[in-house]
Each structure stands twice: as C-alpha cells, then as structure tokens.
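S.K.: below: sequence and its predicted model.
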Amino acid sequence: MATRGKLRVYLGSAPGVGKTYAMLGEGHRRAERGTDVVVAFVETHGRQHTAEMADGLEVIPRRTLSYRDTSFTEMDVDAVLARRPRVALVDEFAHTNAPGSRNAKRWQDVEELLAAGIDVITTVNIQHLESVNDVVEKITGVPQRETVPDSVVRAANQIELQDMAPEALQRRLAHGNVYAPEKIDAALSNYFRAGNLNALRELALLWTADRVDNALQEYREKHDITGTWEARERVVVALTGGAEGETLVRRAARIAARSSGGGDLLAVHVARSDGLSGASQGALAAQRLLVESLGGTYHQVLGDDVPEALLAFARAENATQLVLGDSRRPTLARLFRAGTATDTIRASGDIDVHIVTHARTGLGVSLPHGRGSLSTQRKVRGYVLAVLLPPLLSLGLVSFRGQLNLVSDMLLFLLLTVIVSLVGGLAPALIAAVTGSALLNYYFTPPLHTLTIRETNNTLALLVFVLVATLVSSTVDLAARHTRQAARAAAESRTLANLAGSVLGGADALDQMLERVRETFALTSVTLFEHDENQWTPVASAGQPLERPSDADTEVAAGDGLVLAMQGRPLRAEDQRLVGAFAAQAAVVLDHIRLSRAAAEAAPLAEANKVRTALLAAVGHDFRTPLATAKAAVTSLLSRELALPPEDRRELLQAADSSLDRLTALVANLLDMSRLQLGAMSIDVQPTALDEVVARALDDLGPDGRRVRIDLGHDLPLVQADPGLLERVLSNLSSNALRYAPPDAPPHLTCSRLGEHVEVRVIDRGPGIPQEQWDQVFLPFQRLGDTDNTTGIGLGLALSRGLTEAMGGSLQPEETPGGGLTMVVSLPAVASGTDVAPGRRERDGTEPFATDHRLEPSGQPDSGRPRE
C-alpha cells in the first residue's frame, strides 16, 4: 500500500495576493532540486506573470466535459494518477467540478492523489472555508458558493499564508495585474474595497493563528507538556511593584484575550500598611505602560488589609477572575501566617483566583498610616513573645547554671529583649525587659529563688540591663515610626502622581475623577456638592449619589462653595489630607469643564459669523451676475428706442430665463441649507429603487449626463431614502465628477450592497483632492482653492452631505486607486423580503440602458461554469 502523500496549502487572504504564483514558484524550486513535478491544473485568469511562471513545468492536459451545450475543462485525475509524479500542482482547491466529473469537488480529486502517494501543492482563499462562509457574506455582501470543509484544510501537512496589504493589492488591481482593465472599477468598488480586504486579511490571520495554536497543542501533548491554557474572563491582576509584575500582567492578558467576545484587563496596585519596602517605582511605571499597551487599565487603591482591598476592588469592577503572584514568604513563615494569596482565596467567594508561580519575586510597596509605630498585628505578636520567651529562656538556662555566669545570662536576656522590640515595638520590649530582670534576679542572682540581691554590682548590672533594653527598644520603635512615615509619604506621592498621570492622559471628566477617589479609598459613594442660593446641589458623583453632604461619612472642602462628600467608611486624618488633593483637582476639572462648555457655546456663534461673512463674500458675485444679466435683457426688451428682430428678442428672453433659473437654484440651495441647519427640512424617507433615481439624476444633467457610465449591482435591494433629495445628491455629485474628469476617462457611477447598507460610488479619475483637505470641501461656501467664482457659491457638496445625513445615510470621500476622487453615498437597505430593484444596467453614449453580463464576487465575468 502506497504511503499517503503530503498536502501543502497556500492560503490567500483575497483573490490576487499571489497564491498561484507562489505555488508555481515552489514547483520550479522542487523541479530544480530534481523532484518530479507536474502541473495538474492551474488557472491563470489571464494574468501574464502567472502564465509565464508556468513555463518550463510539465502540464497534464485537462479533461473536457459538456453540460447543457457548453464545454468545460477540469483536472484529469486519471491522467495524473497514470503519470504518478512525485508532486502535483493543483490550483483552486475549493472549486466545484462540472457535472459528469468523478467527484463533485476538486478537494475530493486531491484526496485521490494523496491516497495514491502523490504530494499535492494547492491554493485556496479564506472566503472559501466553510467555517467563515457566513462571516464573509456579512463583510462583503456576497455569498460564497464554492466552499471546502475546514477539517480538510486543517489536515494539510503545511499551510502557508499568502498575504498582502490592502493598499498594495488595490494598486496591483489598478495596474491591471489582477483583472482586465474594463473590470477594474467594478472590482474596486465592490469586493476589493479597503474595508473588505482588511476584514478578510484579519480572518485569514486569525484562522492561521488558530491552526498554529492547534499545532502547538499537538506538540505539547507529544512532548508531555502538561501546562494548561486559561479561559478568557474579565480579569483583575494584582501588582506589588516587584519583578514578577510583567509575568502576572502578561498571564492575565492572555486569560482576558482568550475569552469569547473579548475580556477586560484591569491592573490594581494596593498601597498596604506592613511597612515593607523594595517595590521599584520604575517597575510600577513600566508595568502600567505594559497594561495600557495590552488594552487594559491601571488602578491604585489604598488599604491596610490587602486581600480585603483587592476583593473590594474586584467586586466593585464586576470582575470574575483575580490573578495573584505566588507568596513571597518562605515555607517556615507560612506556618505562622497563611499569606495574602491564601487569605484572598478564602474570602474570594464567586471570584476565581489564579495563583501564578514566577521565577523572581518582589516585595509589596506600603502605604502605612502616619500615627503609631507598628501595626496592631505586630504589636500582638510582640506581647505574646514578651510573655512567652523569657520563661522559656529561663528554663533553658537553668540546666546550664553551673556553666554560664550572670553576665552571659544577662546578655542572652538582652538579645531576647531586642528580638521582642524588633517584632512588637517599645511596649512589648519593656515588658520583656522587666520580666527578664525579675527572672534573672530570681533564678540566676545570688541568693537564688529570692528577689533579694546580695551584691551591689549585681544590682547595678540589672539596672543597666533594664536601661539598655529600654533604649534599644525605643530606638527600634522610633526607626520603625520614621520608616512607616516615609513609606506613607512616598505612597501618597505615588497616588497623586497616578492621579496627575490620569488627568494628563486625558481623564479630565469629573465623573472619572470622582470614580478614581472612590476606588482609591474603597468607598461606596463620592459626590461633589456646590453651594448655591442657600442649598447644596450635587454636581457630579461616582457610585450611588448622595442627596446632601450631611449624609456622608466624611466631608472634605474642595474650594469656594464646593464640598466632596464620601460614604462607605470614615477616613483617617491622614487619608483626608490626601483626599484634599483629590478634591482640589476635582475643583480644577470642574472649572475646566465649565470653560469648555462656554467655549463650545461660543463656537456656533463664531461659526455663524464665519458663515455669514463667507455668504456675503460669495453672493456678492454669484447673485449679482444673474441679476445683472436678467436686468439687462429685460431692459433691452422694454426699450422703445431699440427695434429688435425676433431672433435677438428670443436670445434676450433665453438669457433672462437662464439667469433667473440660475438665481432660483442658488436661492433654493440657500434655503435648503438653512432648513438643514435649523432641522426644518421636510424628509419623506421611503423604499426607493436606485435605478430610477440614478436615471432621473443623470437626465437632469442634460447631454453631459450621458457620459457617465453606470454599473448597478446584481439583485440590488431598495434603499431607505427620499427619492427627490437623493436625486439632487446624485445629480450634484455626478456634475462635480464630470467637471473634473478627463475627456478620455468619463465618471463611473456604481451601486453595490455592503451588509445592511447600499453604497453608491461616483468615481472620477481627475486630479483628486489631498486627503487632508477632504473635510474642507464639505464646508458651506467653500470651494477648493477658492479661485473659481463662476461655478456657484460652494454649497453643492455641503448640501449633498446634509441631505444624505438627513435621510439616515452618509457621504464620504475616498481616493480612487490610480488617481482621482470617489464620493461614496451609503444608505440603509430595505429589509430582506422586499422587492428588489431590477438587475444591473449600463448607460453609455449610445444606449440609454443596456443589460450587462453579471460579475462574480471577485469582479470577473461569469464563465458560465455551474455553481452550487
């Protein structure tokens, strides 16, 4: 039995990216290495470079089939099997064979070749894969009739993505390297839009990445790699500022990215109160940048209890996943206290907690409160040690009474006192010192087992012991106090810097500022009140708004007449000092918002002034010219001194009529623009057939309208529009295109469906407009360059966009590939089930309308080949 052949697939993101060319190139490379290669089937689509690439390779003759009086050519499977090459090149893997073929699909033909031990190199486009068929139809509006099961392509031994930037592919198309010149405009305005190509490219990249992920999983299983991939969720990652932060952020980002529909990533740093140091501010800043670069957000909260602060933040943000680094504490220390991760897991409830191991660990950065030297927890530990350790040490030293003297015993008790002071501070150390002194006196100072001291030097030694123990304990306590105060000041600075970074980064909305206060101090509600006319008025809030400042647990003045009211928990004095900085910033933001509003209110007045000035400048010529012409003609007709022949009278009447028509059109445009700006335009949106509107719009242009080429899409649906207004829009756009189009390249008007909309494109190949000036051409009374005052007052495009938007559509410019400007009118399509407009029709200089051959989705003419 022959060994099964290997399948290599060139997967293209769109037609024309070079799949067939790459396949033939690979065939030449293998042939040059001495491999027996044949071309079993290749479709050049008339592309010269592709046809030239096939030269030099052996080509298996095709099989000819007849169907309904039409001949078709297909791959001759029997001839390829009889030839038995080492490698066969087979183009268009998803192709549907003509009736009468052995197999319905070409991929089934390829299966026969593979089963016979022949290696096959083939090509397929992403839109032909079964799993993305519906997605492609949504993107392009074109159903794909030829598909191949994903499992067939995934089973290939090698898949190579053939990709090309949309701009590069459009240039190839415009240069005639993909389709014939007469099909370029239709392809560019339909299937080969930049948006379509970008979407198809993304589909191809995602599908290929998924295939790579499957291959990687197979590799992991093959090599017994047992690591798992996390599910996608809304994820909060806790950062301590240590070196493990980047590992945690990336792991959390992967968890969030792999959830269906996309997940949110939130990083939070808790300023804690254990006085530990070692967090690098540079590391925190770098981790924040990393989080934001991955699409997440960075937050900082205050809390003495780290697990409680983390879970409070996670619940407030509706998080479902919490990512923590593995505990930094050694195994022995965990016997006395479980650690942050364990405490978080116990209190997490319905929040899933991920504990991530890492090679390096960092210490959390503290935000201790300024009062007191040590936390209550450490003081309790100190008191316990002060009570337990002296008796235990006494019991141990009793057995060595004959070997150690009093000095050695006092030094050991002094060491014990220092240890207690390091753990619990001054008060526990004093207890340890007094207890140790009494035990030294009772057990180790003659006479034994009494509190009487026989020798004066022993009395002095005990007093010095107590004094030294007190001084050491006081020094340790003072150092701890200063350390915690410094940590507090540093953490406050970081919090304020974080606030300033948010404001400088664009977070200048007052609600966002108050939300930052709420989450930083773990509050339930923060409201900014303003005192006005003997009452407090809420200006902005985060959380549940308060009705009055007296309802709050804490109030902080934010400026003249402003109070920041907070509810959720009472704040300590040092926290209120930090909140004061937030409140001052909130007052600044409020002033900024009000100034911005005032500027925004003044902007329409300034714009109206600008429009009024432009109108006066424009109408000075455009109104005066037709008025002067009409006036001169009528004066001449009324003059009794002039004996005008009938021909001259008729010419004067025509001049007056033409001038008055021009004046009427100018006044109508001005009135319509005024109605649009006031929202008083009467719009009658109804299902509208584009072919009828296009015909009337071009008829309005007179003989020039016959120069415009029309290409209406196949089975084009009705659109929601006002027929009369749409006619004016298309007439104006076509008139502009005719004005700038070269004589040998008339404008092209195309219609096609894109999802739930229909796009009408008016394409010219004139000089075009620089992209930075696209917005200017839609300004009222504005002409590009403002040098031509003979063609109107510059209302045409502004009015066209206004009318289009009033009908629920949009009007946008695009660059015409190869040079020129394309105006795209997008209108909502009528829901499916409604009668569609007639099929595609063409207009040229000889026939008003003529039926054109239908185009395939790729922009090629239908070859007559039967489709599924």
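M.R.: That came through, no problem. Numbers count the residues shown, from 1 in each chain.

S.K.: can you give me the strands in the stretch 251-400 of the chain?
M.R.: Along the stretch 251-400 of the chain, counting by DSSP state E, counting those that start in this stretch, strands occupy 265-271, 297-302, 321-325, 352-356.

S.K.: out of these, nearest to Leu523?
M.R.: strand 297-302 (10.2 Å; C-beta to C-beta). From N, CA and C alone the C-beta is placed, and that goes for glycine too.

S.K.: which helices and strands does that closest one pack with?
M.R.: strand 265-271, helix 281-293, helix 306-316, helix 456-504, helix 510-520 (3 or more C-beta pairs under 8 Å, 6 or more residues apart in numbering; DSSP states H and E).

S.K.: ranking those by mean pLDDT, which is last?
M.R.: Mean pLDDT per stretch puts helix 456-504 lowest among these, at a mean of 66.

S.K.: counting neighbours, what do you get for Tyr443?
M.R.: Neighbour count of Tyr443, defined by other C-beta atoms under 10 Å: 15.

S.K.: same question but for Ser810, I mixed them up
M.R.: 14.

S.K.: tell me who's in contact with it.
M.R.: 804, 824-826 (C-beta atoms under 8 Å, 6 or more residues apart in numbering).

S.K.: nearest residue to Pro85 in space, please, no chain neighbours.
M.R.: Closest residue to Pro85 apart from its sequence neighbours, by C-beta to C-beta, 6 or more residues apart in numbering: Val38 at 4.3 Å.

S.K.: so that neighbour sits against Leu57, correct?
M.R.: Yes - Val38 lies in contact with Leu57 (C-beta atoms under 8 Å); the separation is 7.1 Å.

S.K.: overlap in contacts of the two?
M.R.: Leu89.

S.K.: the two: which is more packed in?
M.R.: Val38 (21 against 16).

S.K.: roughly how far apart are that one and Pro813?
M.R.: Distance, Val38 to Pro813, using C-beta to C-beta, to the nearest Å: 50 Å.

S.K.: repeat for Arg378
M.R.: Counting by C-beta to C-beta, the gap from Arg378 to Pro813 is 69 Å.

S.K.: with Val306 instead?
M.R.: 56 Å.

S.K.: likewise Thr688?
M.R.: Distance from Thr688 to Pro813, by C-beta to C-beta: 23 Å.

S.K.: what do you get for Pro390?
M.R.: Counting by C-beta to C-beta, the gap from Pro390 to Pro813 is 88 Å.

S.K.: rewinding a little: and the residue nearest to Pro85, what's its pLDDT?
M.R.: pLDDT, read off for Val38, is 94.

S.K.: quick check: buried residues in the helix or strand harbouring it?
M.R.: Per DSSP states H and E, Val38 falls inside strand 37-41. Neighbour-count burial for strand 37-41, with 16 or more other C-beta atoms under 10 Å as criterion, is recorded at 37-41.

S.K.: dump the residue contacts of the residue most central in space within the chain.
M.R.: The centre of the chain sits closest to Gly295, judged by C-alpha atoms, centre = their mean, with a distance of 7.4 Å. When contacts are counted by C-beta under 8 Å, 6+ apart, Gly295 touches 253, 265.

S.K.: again, but for the one 10 residues further on
M.R.: By C-beta under 8 Å, 6+ apart, the contact set of Asp305 is empty.

S.K.: and it, its phi and psi?
M.R.: The phi/psi pair for Asp305 (degrees, to the nearest 10) reads phi -100, psi 110.

S.K.: need the contact list for Leu129.
M.R.: With contacts defined as C-beta under 8 Å, 6+ apart, the neighbours of Leu129 are 147-148, 150, 153, 207.

S.K.: let's see that with 6 Å instead.
M.R.: Residues in contact with Leu129 (C-beta atoms under 6 Å, 6 or more residues apart in numbering) are Asp150.

S.K.: what residues are bridge-paired with it?
M.R.: Val148 (DSSP bridges).

S.K.: look up how far Lys105 lies from it.
M.R.: For Leu129 relative to Lys105 (C-beta to C-beta), the value is 13 Å.

S.K.: same question, His531
M.R.: 78 Å.

S.K.: between these two, which is the more surrounded one?
M.R.: Lys105 (20 against 13).

S.K.: what about Asp352, distance to Glu692?
M.R.: On the measure of C-beta to C-beta, Asp352 and Glu692 end up 60 Å apart.

S.K.: next: Arg640.
M.R.: From Arg640 to Glu692 the distance is 51 Å (C-beta to C-beta).

S.K.: between those two, which has more neighbouring residues?
M.R.: A direct count of neighbours by other C-beta under 10 Å for Arg640 and Glu692 places Glu692 higher, at 13 against 5.

S.K.: neighbours of Ala285, how many?
M.R.: 16.

S.K.: Val306 and Pro813 - which one has more neighbours?
M.R.: Val306 (23 against 19).

S.K.: quick check: His128 touching Thr147?
M.R.: Yes - His128 is within contact range of Thr147, at 5.5 Å (criterion: C-beta atoms under 6 Å).

S.K.: common neighbours of the two, please.
M.R.: Ala94.

S.K.: what's the first helix or strand after the strand holding Val38?
M.R.: Following strand 37-41 toward the C-terminus (DSSP H and E): helix 48-54.

S.K.: which strands or helices does that following helix pack on?
M.R.: Judged by 3 or more C-beta pairs under 6 Å, 6 or more residues apart in numbering; DSSP states H and E, the packing partners of helix 48-54 are helix 19-32.

S.K.: would you state the strands of the stretch 1-150 of the chain in chain order?
M.R.: Under DSSP E, counting those that start in this stretch, the stretch 1-150 of the chain gives strands at 7-12, 37-41, 58-59, 63-67, 70-74, 87-90, 119-125.

S.K.: and of the ones you listed, who's closest to Pro446?
M.R.: strand 7-12 (95.9 Å).

S.K.: that closest one relative to helix 19-32, how many degrees between them?
M.R.: 140 degrees (axes from the mean of the first three to the mean of the last three C-alpha atoms, to 10 degrees).

S.K.: contact partners of strand 7-12?
M.R.: 19, 22-23, 114, 120-123, 125, 153, 156-162.

S.K.: just give me how far that strand sits from the chain centre.
M.R.: 30 Å (C-alpha atoms, centre = their mean, to the nearest Å).

S.K.: one step back: out of the strands of the stretch 251-400 of the chain, which is closest to Gln535?
M.R.: So among those, strand 297-302 is nearest, using C-beta to C-beta, at 32.3 Å.

S.K.: quick one: strands adjacent to that closest one?
M.R.: strand 265-271 (parallel).

S.K.: dump the C-alpha coordinates for the strand it pairs with into PDB.
M.R.: Output in PDB follows, covering the C-alpha atoms of strand 265-271 (Å, rounded to 0.1, in the frame of the first residue of the first chain):
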ATOM      1  CA  LEU A 265      -7.900  43.600  31.800                       C
ATOM      2  CA  LEU A 266      -7.600  45.700  35.000                       C
ATOM      3  CA  ALA A 267      -4.400  46.000  36.900                       C
ATOM      4  CA  VAL A 268      -4.500  47.200  40.500                       C
ATOM      5  CA  HIS A 269      -1.800  48.200  43.000                       C
ATOM      6  CA  VAL A 270      -2.700  48.200  46.700                       C
ATOM      7  CA  ALA A 271      -0.700  50.500  48.900                       C
END
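
S.K.: and the angle from it to helix 510-520?
M.R.: 60 degrees.

S.K.: tell me the pLDDT at Pro687?
M.R.: For Pro687, the predicted pLDDT is 91.

S.K.: that one against Val830, yeah?
M.R.: Yes - using C-beta under 6 Å, Pro687 makes contact with Val830 at a distance of 4.8 Å.
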